[in-house]
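> Build the 3D model from these lines:
(one chain, ligands or ions: 1)
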Amino acid sequence: MAHIFHFLEPRGDTVAAVYLAFSAAFFYFNRKQNMLSTVLCWIAYSLVPPIAVVLYRLSPFHPLAGFPGPLLSRMTNLRLAYVVSTGKRHLDIAKLHDKYGVIVRTGPNTLSINSQDAVKSIYAGSKAMDKSNAYRPGRLFEGGLFFIRRKNLHDNQRRIWAPAFSQSSLHLASNTILRRSQQLTTHLEKLEDGATDMGSMIRRWSYDVMGDLTFGKSSRIELMSDGDPHGVLASGEKATVLFEILGEIPLIFDLMCYLPRACMQEIHVLRQLASELLAARQVATHIADDDICSHLLCHTANCSVQDLEHDVLFAIQAGSDTTSGVVILLLYHLLANREVYQTLTAELRDNLGSTLEEHKLSALFQLPYLSAVVQEGLRLGTPFPGLPRVVPDTGKIICSKFIPGGTIVGVPAYAQQISPQNFWPNPLEFNPQRWLPGGLGLDSVLNKSAVMCFSSGPFGCLGKNLAIRELYIVIAQLLLTLDIQLDTSFDHKQFKEGIQNMRSTCFQYPLLVVVQPNHL
Ligand code: HEM
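Residues are numbered from 1 along each chain as shown. From the prediction side, this is the model:
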């Protein structure tokens, strides 16, 4: 039945309308009966379809009956939606694999496949599978690159985006990132003595960077200097979290747009900002600028206004949120591992002197220890689950098992990134040395392709090279300019326990640091 549902793609509002019509008709035709028995009958009839669905999902007739997984996951997607809402899905999935093996049924129609062999079949090349319903953002948004689920349609929109990440665009973007990173350190230097939440500063920095890269000179995003009076950061985070949780229960997602606007006010802030900035960018005359909008606006004939609005919203949110999450975790690891911090600072100083400038960027991108630090930061700093894709109608053999058409499958990125089979020894430990020649000794294991944080193939991250440059530049600028220490009150356990991932990495406990100018 789950497979029939996949093909019919029922919408939550349609299902709700049918249910309401049935209920109204039921009460109308039974209006002369005893009220209590009518209500009891109505409840009984209403329960028949969900009970039948659950029994089918648990039965040996379900196409995924042969795959192991928790009972609740086999019955309903609500378990997965709940786990997502805790922000600990990456840990939950890793534990399920430890218990059940390589393939686990994580939802009635969903399999998590913890194997590198599955990556090629699911994500890579021209045969990459389409995105699942988890990318259907209810009735709230339609259009835009990220939300297009069918590969052939998605390819067209991706062609429009791609030039924004060419070598020449990356070169100009690097200068913008440097300028914003210098603003960040100037801002931090001016702070009064005492502990500050570095995480919040990094979030603002990354939004300002993406504002510039998306809208060029017409960007009004200035969170580092103006603060965030309209709550753009919170809005972006809420929208992302909502998308991630409700993506597991798309029928309920469809109903969100019927809530009064006031209930959703907060998540509309970013949307409103994106459409205002797009309008401003459209009338601006610097179309020759090399910002993301300049590329998207060249194709307005092939793109609807909605596509454009969602594309720019996605650019500022996805471009800033992911990068800042990685930078915050990477900084934490550096501050918690003073030896690594000092080795990196020494490499930067020996090769670049005491300041970072535009003409030094190409040398910066060649530094081996910095590269190892960034790779290790990406490995441990992206606690992503598997990105869900749909097996084509004919089904597919993956890891020697036949997976029926319509099944939702994904390879859990974080489980791969901390697997002892891919990274050994101490896969949970932050140790950049593992990426350098000689690694961590003779029997050490380094499976570079197991770092899946940017995904790959036709839906993979377009901003990968840009994001890596951001990491190089901001880390170098921070370490060269400032001496940063964790505050004495900082609690490592609470920080680690407070890390949540719901596509956006959220931090429930602040990265409290003390910052001083670096006088070395
Ligand atoms: C460390 C930072 C980043 C990480 C870890 C990251 C990761 C990812 C991942 C995993 C995807 C695939 C999502 C999915 O299929 O559900 C993705 C898609 C995407 N990312 Fe990134 N990203 C980062 C930074 C950026 C930046 C700075 C940009 C710049 C705008 C960007 C632009 C995009 C775009 C446009 C897509 C959609 C590609 C498509 O659907 O064809 N990303 N990213």
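
> so what's Trp205 scoring on pLDDT?
Confidence at Trp205, expressed as pLDDT, is 98.

> who touches it in this structure?
Counting by Cβ atoms under 8 Å, 6 or more residues apart in numbering, Trp205 touches 180-181, 183-184, 224, 324, 474. Yep, even glycine has a C-beta here, placed from its N, CA and C like the rest.

> Checking Val84 next. Helix, strand or coil?
Classification of Val84 using DSSP: H, G, I helix; E, B strand; the rest coil returns helix.

> Give me the neighbour count for Leu436.
The local packing count at Leu436 equals 15, with neighbours defined by other Cβ atoms under 10 Å.

> and the closest residue to it other than its chain neighbours, what does it touch?
Here the nearest residue to Leu436 in space, its sequence neighbours aside, is Ala372; by Cβ to Cβ, 6 or more residues apart in numbering that works out to 5.3 Å. By Cβ under 8 Å, 6+ apart, the contact list for Ala372 reads 432-436.

> which among the residues you listed end up buried?
When burial is judged by neighbour count using 16 or more other Cβ atoms under 10 Å, the buried members of the contacts of Ala372 are 432-435.

> Flag the shaky bits of the stretch 201-350 of the chain, pLDDT-wise.
285-288, 300-302 (pLDDT under 70).

> So which residues of it form helices?
Assignment of helices within the stretch 201-350 of the chain using DSSP state H, counting those that start in this stretch yields the ranges 223-226, 232-246, 250-253, 265-283, 292-296, 305-336, 338-352.

> mind checking how far Glu192 is from Asn518?
Taking Cβ to Cβ, to the nearest Å as the measure, Glu192 falls 18 Å from Asn518.

> Repeat that for Val390.
For Val390, the distance to Asn518 (Cβ to Cβ) stands at 51 Å.

> who has more neighbours, these two?
Taking neighbours as other Cβ under 10 Å, Val390 and Asn518 compare with Val390 leading, 21 against 17.

> Show me which residues of the stretch 251-400 of the chain sit near the ligand.
For the stretch 251-400 of the chain, the contact set with the ligand under Cβ under 6 Å from any ligand atom comprises 315, 318-319, 322-323, 326, 382, 387.

> Ok, the chain next?
Taking Cβ under 6 Å from any ligand atom as the measure of proximity, the chain contacts the ligand at 145-146, 158, 161, 315, 318-319, 322-323, 326, 382, 387, 453-455, 459, 461-463, 466-467.

> Take those residues and keep only those in helices.
Counting by DSSP state H, the part of those found in helices is 158, 161, 315, 318-319, 322-323, 326, 466-467.

> Generate a markdown table for those, with neighbour count as supplementary columns.
What follows is those, written out as a markdown table (neighbours: other Cβ atoms under 10 Å):
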| residue | neighbour count |
| --- | --- |
| Arg158 | 16 |
| Trp161 | 18 |
| Ala315 | 27 |
| Ala318 | 20 |
| Gly319 | 24 |
| Thr322 | 23 |
| Thr323 | 25 |
| Val326 | 24 |
| Leu466 | 22 |
| Ala467 | 21 |
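
> Need the pLDDT of Glu497.
Glu497 is assigned 97 on the pLDDT scale.

> ugh, wrong one, I meant Ser46
Listed pLDDT for Ser46 reads 93.

> Same question for the one 5 residues further on.
Here the pLDDT value assigned to Ile51 is 97.

> So what does it look like in phi/psi?
Recorded main-chain torsions at Ile51 are phi -70, psi -40, according to degrees, to the nearest 10.

> Near it, how many other residues are there?
Around Ile51 there are 11 other residues, counting by other Cβ under 10 Å.
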